[in-house]
Structures are given as structure tokens and as C-alpha cells.
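Colleague: sequence and predicted structure below; questions after.
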Amino acid sequence: MRSYALILLFSLLAQTSLFAAEKPNVLFIAVDDLNCDLSCYGHGLVKSPNIDRLAKRGVRFEKAYCQYPVCNPSRSSFLTGLYPDQTGVLSNGDDFRNTVPDVVTLPQHFKKNGYYVARVGKIFHYGVPTQIGTPGDDDPVSWQHVVNPVGIDKTVEKEGKIHSLKPGSYGGTLSWLRVESEDAEHTDGIGTAAMIDLLTEHHPQKTGKPFFLAMGFYRPHTPYVAPAHYFDLYPQASIDPVMEKAGDRDDIPLAALHDRPKQRELTVPERKEIIQAYYASITLMDTLVGQLLDSLTKLKLDQNTIIVFVSDHGYHLGAHGLWQKGDLFEGSCRVPMIISIPKMKTAGTTAPHVVEMIDLYPTLTELAGLSTPEHVMGKSLVPVLRDPEQSVRDTAFTVTVSRGPEFRKKYKVKAKGYSLRTDRYRYTEWGEAGKYGRELYDYTQDPDEFTNLVDSKDHQAIVNRLATELRTRQSDQK
């Protein structure tokens with residue numbers, strides 16, 4: 001298995017200077033609350049030149065999906081290789097070690113196989129911004145070294161300067177601030193400098209061993225605190241907010257509508273101000289990603305380092321009247337994901353078929369020539385990296401727990417929602433067998449999810465097929 005995986009890696013690298021005995025390094029970049037509003041994903045306003053640069057040297061995944069659209073459940077899933085029902089993490093307050101205490105995480109597996117393994121910032125769960133500067137809800141056994149940066153964005157929070165829809169609350173609600181500052185003063189800027197130090201200090205030529213380094217950016221998670229010069233890139237006059245369409249929610253189950261206080265009441269000027277801050281935070285993060293890429297080149301690590309770039313879940317900015325995350329619509333479940341391997345033949349291409357974030361674990365172990373632990377549920381994306389038109393799965397699976405206030409008020413219960421995304425459709429059930437509602441959307445005809453087709457006579461064959469597949473996927477996780 002190990003030698004076969006190395007052969008696959010070298011075929012991907014195509015005429016690199018790697019030697020058979022040299023293992024690849026891994027730089028794993030995880031971003032917090034980033035949607036696909038990036039230039040390389042076709043967004044016409046957001047400036048993301050460095051993420052775009054990474055996409056040109058890697059494979060960009062067009063349909064990558066998280067397994068739970070909230071930070072801790074998503075991260076626990078792709079870092080353990082298990083689905084959320086298996087980790088027992090269905091909220092930001094859960095700990096996978098309580099359910100699967102002996103599970104070997106992705107970085108832990110690399111550590112066990114002779115890699116130097118360290119993280120900077122948020123990889124496992126952190127409460128943002130309250131836990132910035134602390135270990136957060138980390139998994140200490142996964143790392144040999146950790147850095148918990150803290151910067152000016154935390155300082156202004158303590159000083160109460162941040163604008164918020166709920167005064168005094170900055171993480172769970174929309175909150176933002178323009179700050180006259182330099183990039184290096186922010187938590188992510190300080191974290192980037194620390195990561196560059198780790199790249200320098202643990203260069204394999206110095207240490208004789210490969211590294212698995214994980215960089216966890218906090219932005220663009222709320223509060224959207226960024227330097228003023230990034231706000232200036234997005235004049236509010238250039239921002240056209242997504243507005244809730246009349247009748248859009250008429251055929252949506254109450255359980256699916258994860259409304260947050262005051263967010264449907266936002267005026268157009270307020271929406272523009274908030275989106276400006278979110279985009280400014282994205283471009284701050286993008287600039288820092290560029291610094292990491294430049295450092296890899298400067299240190300000549302770009303010739304033997306696999307780079308993963310991914311967000312933990314998607315993010316709404318007004319679609320269906322929703323903001324932030326937690327639901328089972330496309331905006332919340334879809335994530336940007338790029339995998340880059342030095343001098344790969346498929347650099348600059350797009351993989352159009354559905355994949356899951358849980359697939360990252362077996363992909364990286366195979367590329368590194370390591371065995372994949374038996375517990376891992378994902379599927380290796382190496383065939384897709386070799387040929388982006390290849391497909392390794394027919395559906396992407398996502399689960400959440402309904403937080404819809406009107407639903408809970410009416411039914412007095414919590415309900416799980418389970419969703420399958422195919423290349424064309426999304427099918428969702430709320431409660432057992434869809435007791436609290438079902439949804440079907442056709443993205444070829446209806447990319448904005450305006451029409452729920454679950455009761456359409458013309459679509460019953462599709463509904464029945466996906467309902468059966470959903471049962472199969474649920475059964476496979478038991």
C-alpha cells in the first residue's frame with residue numbers, strides 16, 4: 001500500500017526533483033466561516049489574488065461540501081475522518097474524545113508516522129472571539145507544538161469598539177469594525193508570522209524529517225475586524241446585497257429556516273456595511289495566505305509541499321433571508337477547497353463533481369505514502385487529482401440540528417436534518433423520514449433554491465431514489 005501510494009504521488013508530481021526516499025511535507029490551511037465568494041470561484045467583486053494563485057497551481061473543487069455546517073462538528077468530522085453522528089459532535093459544545101476517545105486524528109496520524117506536527121491558530125474548535133489567545137477546545141495529543149496568536153482584533157473587542165447587532169456579542173451574531181492598523185497587528189497576521197517561523201525552523205533540510213503544519217485563520221469569522229485599507233477596496237456603492245425574494249420561503253419547512261435575531265430586518269445600507277466588512281476580512285486573510293506561499297518559495301519548500309486550502313463550512317449573506325451558517329442550503333454547506341501538489345500535471349483545473357471534506361484525511365495519507373486508519377470513512381481524492389473529471393462518490397452528505405426559532409416554538413422539539421447533494425440536486429429530510437418536512441432543489445434549473453420540488457409529480461422518481469440513498473448513507477455510518 002505504501003509503495004503504491006508513493007508511485008501515485010510521483011505520477012502526480014510529474015518530473016519533480018523529489019527522490020523516492022523523500023516524503024512530502026503538508027501545509028494544511030483551514031479558514032473560518034469562508035464561503036465561495038472568491039475570484040477563482042467566479043465572484044466578480046471579491047479580491048483574492050493569492051487564493052487564485054494557489055488554484056492555478058492546484059485542483060479547485062467546484063462542489064465540495066462540509067458534513068455539518070457549524071465549526072466544531074465540521075472540524076471534528078474532517079479531522080477524525082468520521083461523520084458527525086459517529087463523533088457525537090453536533091454542537092460547538094461537544095468533544096469527540098467523549099464519544100471516540102481513542103480515535104487517531106489526521107495530524108495525530110502524521111505525528112505517529114514520523115512527521116513534525118504543529119498548528120497555529122484555529123484547527124480544532126475555538127470559540128471566536130472569546131477564546132482567541134487561548135488553546136481553545138484543542139486536541140493536545142494531535143500536536144507536538146501549538147501557537148495561539150492574539151492581536152488587535154481581540155484588543156478592540158475587549159474595549160467594546162466593535163459594532164454588533166446584539167451589543168456586547170461578537171461571535172454568534174453579525175459584528176464588524178474598520179480599524180486603522182497594519183496586517184501584522186491582527187491575530188491572523190501574528191499567526192502567519194509564527195507559521196513562517198515554523199517553516200524556517202523545521203525545514204526538512206535542517207531537521208531531517210518532513211512536517212505537517214496546520215495554519216488556522218480566524219477571519220472572516222465574526223467579528224469582521226480588518227485594516228481600513230481592505231475596507232477601501234470595497235466601496236459600499238459597489239456592493240449589491242442579496243435580498244430575500246417574495247414567496248421564497250413559502251415552500252420551505254420551518255425546520256430549515258435557521259433565522260437569527262434582527263437579520264431579516266436589516267436595511268440595504270446595513271447589509272452593504274456588513275458585507276463590506278466580511279469581504280475586507282477575506283482579503284486580509286488572502287494577503288496572509290500569499291505570505292505563506294511566498295515563504296514556501298523563498299525556502300524552496302514549494303518543490304515538496306502539498307498544500308490544502310479549505311473552509312470549515314459555507315456562509316450566508318442574505319439568501320432566503322438567512323445569514324451566517326447552520327442550515328442545509330447550498331450557501332451554508334458548500335465550501336471552497338483547493339489541493340495543490342508541486343508540478344502536478346492537472347494544475348489549474350477544476351474538479352466538477354461532488355466531494356466531501358471527510359475525503360481529505362484519506363487523500364493526504366495516500367499522497368504521503370501512509371496507510372489510512374481503518375476507521376476513516378472518507379474516500380481518497382487521488383483519482384480526482386490525477387484526472388479532475390473522475391468522480392469518487394455520487395452524493396455528498398451533510399447533517400445539522402434545526403435551530404429554526406419558529407419551528408422550535410411550534411413543535412417544542414429539536415429535529416435533525418439530513419441532506420444529500422448530487423451533482424444536480426439536493427434532497428433534505430427534517431426529522432425521521434422527513435416528519436417535519438422535505439426539500440428537493442434542482443441546481444441546473446434553479447441555482448437560487450427558489451422552488452422546492454419535493455411534491456412535484458415529475459420529480460417523484462428522483463425523490464424516491466435520493467430518499468433510498470439517504471437511508472443507505474445513514475446506515476453506513478452506524
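Modeller: Received it, and whenever you're ready, just let me know what you need. All of these numbers come straight from a predicted model, not from anything done at the bench.
Colleague: report the mean confidence score over the stretch of helix or strand His109 belongs to.
Modeller: In the assignment (DSSP states H and E), His109 maps to helix 106-112. Taken as a whole, helix 106-112 has a mean pLDDT of 98.
Colleague: from the contact counts, what lies against the helix or strand following it?
Modeller: Counting by DSSP H and E, the next helix or strand C-terminal to helix 106-112 is strand 116-121. Here strand 116-121 touches helix 106-112, strand 145-147, helix 187-201, strand 211-217, going by 3 or more C-beta pairs under 8 Å, 6 or more residues apart in numbering; DSSP states H and E. (C-beta placed from N, C-alpha, C; glycine too.)
Colleague: how far does the second one sit from the chain's center?
Modeller: With C-alpha atoms, centre = their mean, to the nearest Å as the basis, strand 145-147 stands 21 Å off its chain's centre.
Colleague: in that strand, what counts as buried?
Modeller: Of all the residues in strand 145-147, those buried under the rule 16 or more other C-beta atoms under 10 Å are 146-147.
Colleague: Thr428 pairs with what?
Modeller: Ser419, Glu439 (DSSP bridges).
Colleague: Gly326: what's it in contact with?
Modeller: With contact set as C-beta atoms under 8 Å, 6 or more residues apart in numbering, Gly326 has these partners: 69-70, 258, 332, 400, 403.
Colleague: contacting residues around the residue nearest to it when sequence neighbours are not counted?
Modeller: Excluding the flanking residues, the one nearest Gly326 by C-beta to C-beta, 6 or more residues apart in numbering is His258, at 4.7 Å. Neighbouring residues of His258 by C-beta under 8 Å, 6+ apart: 322, 326-327, 402-404.
Colleague: so when I look at His258, I'm seeing a strand, right?
Modeller: No - His258 is assigned coil when assessed by DSSP: H, G, I helix; E, B strand; the rest coil, not a strand.
Colleague: which residues touch Leu292?
Modeller: Listed by C-beta under 8 Å, 6+ apart, the contact partners of Leu292 are 27, 29, 192, 195-196, 199, 215.
Colleague: let me have the contacts of His258 in JSON lines, extended by distance to Thr451.
Modeller: JSON lines is the format used below for the contacts of His258 (distance: C-beta to C-beta, whole Å):
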{"residue": "Leu322", "distance to Thr451": "17"}
{"residue": "Gly326", "distance to Thr451": "23"}
{"residue": "Asp327", "distance to Thr451": "17"}
{"residue": "Ser402", "distance to Thr451": "21"}
{"residue": "Arg403", "distance to Thr451": "24"}
{"residue": "Gly404", "distance to Thr451": "20"}
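Colleague: His375 and Ala467, how far apart?
Modeller: 28 Å (C-beta to C-beta, to the nearest Å).
Colleague: follow-up on the earlier one: any idea which of the helices and strands packed on strand 116-121 is most buried?
Modeller: strand 211-217 (a mean of 26; mean count of other C-beta atoms under 10 Å).
Colleague: specify the angle between the helix ranked longest in the chain and helix 187-201 in degrees.
Modeller: If you go by DSSP state H, the chain has its longest helix at helix 268-298. Going by axes from the mean of the first three to the mean of the last three C-alpha atoms, to 10 degrees, helix 268-298 is angled at 10 degrees with respect to helix 187-201.
Colleague: next SSE after helix 268-298?
Modeller: With DSSP H and E, the next secondary element past helix 268-298 is strand 305-311.
Colleague: so what strands line up beside that following strand?
Modeller: strand 25-31 (parallel), strand 334-340 (antiparallel).
Colleague: pull the last one out as CSV, backbone CA atoms only.
Modeller: Think strand 334-340. What follows is strand 334-340, C-alpha atoms only, in CSV (Å, rounded to 0.1, in the frame of the first residue of the first chain):
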residue,chain,number,x,y,z
ARG,A,334,-20.6,24.3,0.2
VAL,A,335,-17.0,25.1,0.9
PRO,A,336,-14.0,26.4,-1.1
MET,A,337,-11.4,23.7,-1.4
ILE,A,338,-8.1,23.5,-3.2
ILE,A,339,-5.4,20.9,-3.2
SER,A,340,-2.0,21.7,-4.7
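Colleague: who's in contact with that strand?
Modeller: Under the contact criterion C-beta under 8 Å, 6+ apart, strand 334-340 has outside partners 31, 34-36, 38, 40-41, 51, 54-55, 57-61, 63-66, 306-314, 347, 355, 357, 363, 381, 385.
Colleague: distance from the chain centre to the helix or strand harbouring Ser76, please.
Modeller: Per DSSP H and E, Ser76 falls inside helix 71-80. Its chain's C-alpha centre and that of helix 71-80 lie 10 Å apart, by C-alpha atoms, centre = their mean.
Colleague: which elements pack onto it?
Modeller: Based on contacts counted as 3+ C-beta pairs under 8 Å, 6+ apart, the elements that helix 71-80 packs against are helix 84-87, helix 106-112, helix 360-367.
Colleague: shaky segments in this protein?
Modeller: 1-21 (pLDDT under 70).
Colleague: thinking again about what came up before, can you put the helices and strands packed on helix 71-80 in a markdown table and add distance to Gly417?
Modeller: Listed next are the helices and strands packed on helix 71-80 as a markdown table, based on distance: least, C-beta to C-beta, whole Å:
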| stretch | distance to Gly417 |
| --- | --- |
| helix 84-87 | 12 |
| helix 106-112 | 26 |
| helix 360-367 | 23 |
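Colleague: just to revisit the earlier point, for the contacts of Leu292, which one is nearest Tyr411?
Modeller: Relative to Tyr411, the closest of the contacts of Leu292 is Ile29; by C-beta to C-beta it sits at 40.3 Å.
Colleague: the closest one: how many residues sit nearby?
Modeller: For Ile29, the count of nearby residues is 24 (other C-beta atoms under 10 Å).
Colleague: then the one 3 residues further on?
Modeller: A count of neighbours around Asp32, defined by other C-beta under 10 Å, yields 24.
Colleague: ok, Leu328 next?
Modeller: 24.
Colleague: ok, it - contacts?
Modeller: 69, 256, 398, 400, 417, 419, 426, 428, 439 are the contacts of Leu328 under C-beta under 8 Å, 6+ apart.
Colleague: put together TSV for the strands paired with strand 305-311, with distance to Gly81 on each row.
Modeller: What follows is the strands paired with strand 305-311, written out as TSV (distance: least, C-beta to C-beta, whole Å):
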stretch	distance to Gly81
strand 25-31	14
strand 334-340	16
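Colleague: before we move on, back to that, can you list which of the contacts of strand 334-340 are found in strands?
Modeller: 31, 59-61, 63-65, 306-311, 355 (DSSP state E).
Colleague: of those residues, closest to Val147?
Modeller: Of all the ones in strands among the contacts of strand 334-340, Val31 has the smallest distance to Val147: 16.9 Å, by C-beta to C-beta.
Colleague: what is the neighbour count of the closest one?
Modeller: Using other C-beta under 10 Å, Val31 is surrounded by 25 other residues.
Colleague: can you check Arg57 too?
Modeller: 17.
Colleague: equivalent analysis for Asp85, please.
Modeller: Neighbour count of Asp85, defined by other C-beta under 10 Å: 19.
Colleague: contact partners for the closest residue to it other than its chain neighbours?
Modeller: What sits nearest to Asp85 in space, not counting adjacent residues and going by C-beta to C-beta, 6+ apart, is Gln477, at 5.5 Å. Taking C-beta under 8 Å, 6+ apart, we find Gln477 in contact with 83, 85-86, 377.
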